[in-house]
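Participant: build the 3D model from these lines:
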Amino acid sequence: MPAVDPMLIRSVIYLYPDIDAAQQGDRSGGTGFIAAVHFSDGRQRPYFLYAITNSHVVREGHSPIVRINTRTGPADILPLGFDCWIHHPDGDDVAVAPLGLNSEHDFAAVSTTMFLLKEHCASLCVAPGDDVFFVGRFAEHDGGYVNIPTVRLGNIAMMPDAPIHHEARGIDVESYLVEGRSLSGYSGSPVFLQIYPLIPRPGIGAGQLGAGPFLLGIDWCHLASFQPVLEADKETPIAERWYVEQNSGMMGVVPAWKILETLNHEGLVNRRKRTEEAWLRDERKPGGVVVDSAETGLDN
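Facilitator: Sure thing, here's the model as predicted:
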């Protein structure tokens with residue numbers, strides 16, 4: 001695996017249940033990242049910024065507050081309310097919230113042009129075994145008062161052909177199965193697919209240039225297995241029939257197209273349309289101000 005683009009690391013944000021927890025760097029909450037949606041005419045700048053995380057981080061985890069690094073001082077706290085977040089209409093584990101950031105914030109944004117959609121999976125022959133990496137919050141050592149995300153590596157284990165059951169919501173969630181050693185705290189982490197140049201791919205052959213990284217999706221769970229607690233002989237289950245949870249090393253990843261579906265919520269689309277129209281009107285005026293924000297991300 002080559003070195004990860006620092007801008008992808010800088011796209012990561014942390015989420016907390018309240019302002020005090022965010023200021024103190026409590027272990028509660030989860031991970032998210034910043035995404036950029038471009039204008040409808042395809043221009044690269046300006047663009048709209050959104051926080052992306054799991055719906056369960058905001059709802060069941062009661063953690064709508066965003067913490068983001070700054071260029072010169074401590075991390076900034078964005079006190080987003082629960083009503084700021086838009087959740088996937090079918091219950092898929094994705095939530096998005098519009099962001100208003102400025103030049104003091106130290107961040108990058110993952111462009112929606114990086115999202116791996118269903119049609120890309122076919123054209124790139126994406127398959128089990130492909131390398132992925134994800135960037136998120138290792139709660140045991142996450143930077144303390146500033147966000148210092150960690151990078152973890154893995155592989156696609158199963159394409160999203162068999163959904164994973166979301167027990168808390170009683171629904172099946174379309175998901176990649178990834179061998180990726182996720183833990184609590186990484187929920188909401190962006191997961192990227194890396195394709196290497198000049199390495200043969202099934203259905204394509206050798207000599208093809210690599211592409212990406214692509215946003216594969218968002219980490220929403222890790223799958224556990226339960227084993228009986230044994231007596232000292234390591235064979236006999238104890239009489240009380242106790243069990244211990246073990247991390248199977250498998251994580252569920254909601255596909256990037258589910259994130260895009262959430263970003264295309266009617267309310268968000270209408271809001272972008274109104275902003276575009278206003279911006280284009282101002283652009284045509286003499287001395288009109290060009291709005292700028294944050295590109296591989298997009299750098300601010």
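
Participant: tell me how far residue 48 lies from residue 219.
Facilitator: Separation of residue 48 from residue 219 (CB to CB, to the nearest Å) stands at 24 Å. For the C-beta atoms, the positions are set from N, CA and C on the backbone; glycine is no exception.

Participant: which of these two has more neighbours?
Facilitator: Between residue 48 and residue 219, counted using other CB atoms under 10 Å, the more crowded position is residue 219 (31 against 21).

Participant: nearest spatial neighbour of that one, skipping sequence neighbours?
Facilitator: Once flanking residues are discounted, residue 219 sits nearest to residue 189: 4.4 Å by CB to CB, 6 or more residues apart in numbering.

Participant: residue ranges with poor pLDDT in the protein?
Facilitator: 182-183, 198, 203-211, 224-226, 245-248, 283-300 (pLDDT under 70).

Participant: could you pull out the helices for it?
Facilitator: 6-10, 19-24, 55-58, 118-123, 256-263, 266-283 (DSSP state H).

Participant: show me where the stretch 151-300 of the chain has its strands.
Facilitator: Secondary structure of the stretch 151-300 of the chain (DSSP state E, counting those that start in this stretch): strands at 164-166, 171-173, 176-179, 190-194, 214-228, 243-255, 298-299.

Participant: so which elements touch the second one?
Facilitator: Right, strand 171-173. strand 164-166 (3 or more CB pairs under 8 Å, 6 or more residues apart in numbering; DSSP states H and E).

Participant: residues contacting the strand it packs on, please?
Facilitator: With contacts defined as CB atoms under 8 Å, 6 or more residues apart in numbering, strand 164-166 is touched by 91, 93, 171, 172, 173, 175, 177, 221, 223, 252.

Participant: right, and the first one touches residue 169 too?
Facilitator: Yes - between residue 91 and residue 169 there is a contact at 5.7 Å, judged by CB atoms under 8 Å.

Participant: where along the stretch 1-150 of the chain do the strands fall?
Facilitator: Under the criterion DSSP E, counting those that start in this stretch, the stretch 1-150 of the chain contains strands at 12-16, 30-38, 47-53, 65-68, 76-78, 86-87, 95-98, 108-111, 131-136, 150-158.

Participant: parallel or antiparallel, which strands does the fourth one pair with?
Facilitator: The strands beside strand 65-68 in its sheet (DSSP bridges) come out as strand 12-16 (antiparallel), strand 76-78 (antiparallel).

Participant: so residue 71 sits right up against residue 105, yeah?
Facilitator: Yes - using CB under 8 Å, residue 71 is in contact with residue 105, at 7.4 Å.

Participant: neighbour count winner among those two?
Facilitator: A side-by-side neighbour count of residue 71 and residue 105, using other CB under 10 Å, places residue 105 first with 21 against 10.

Participant: ok so, going back, tell me which of the helices of the chain is the most buried.
Facilitator: Of all the helices of the chain, helix 55-58 carries the top mean neighbour count, a mean of 24, counting by mean count of other CB atoms under 10 Å.

Participant: what is that helix packed up against?
Facilitator: Contacts defined by 3+ CB pairs under 8 Å, 6+ apart place helix 55-58 against strand 30-38, strand 95-98.

Participant: those strands into a markdown table, with extra columns for mean neighbour count?
Facilitator: Formatted as a markdown table, the helices and strands packed on helix 55-58 follow (neighbours: other CB atoms under 10 Å):
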| stretch | mean neighbour count |
| --- | --- |
| strand 30-38 | 26 |
| strand 95-98 | 24 |
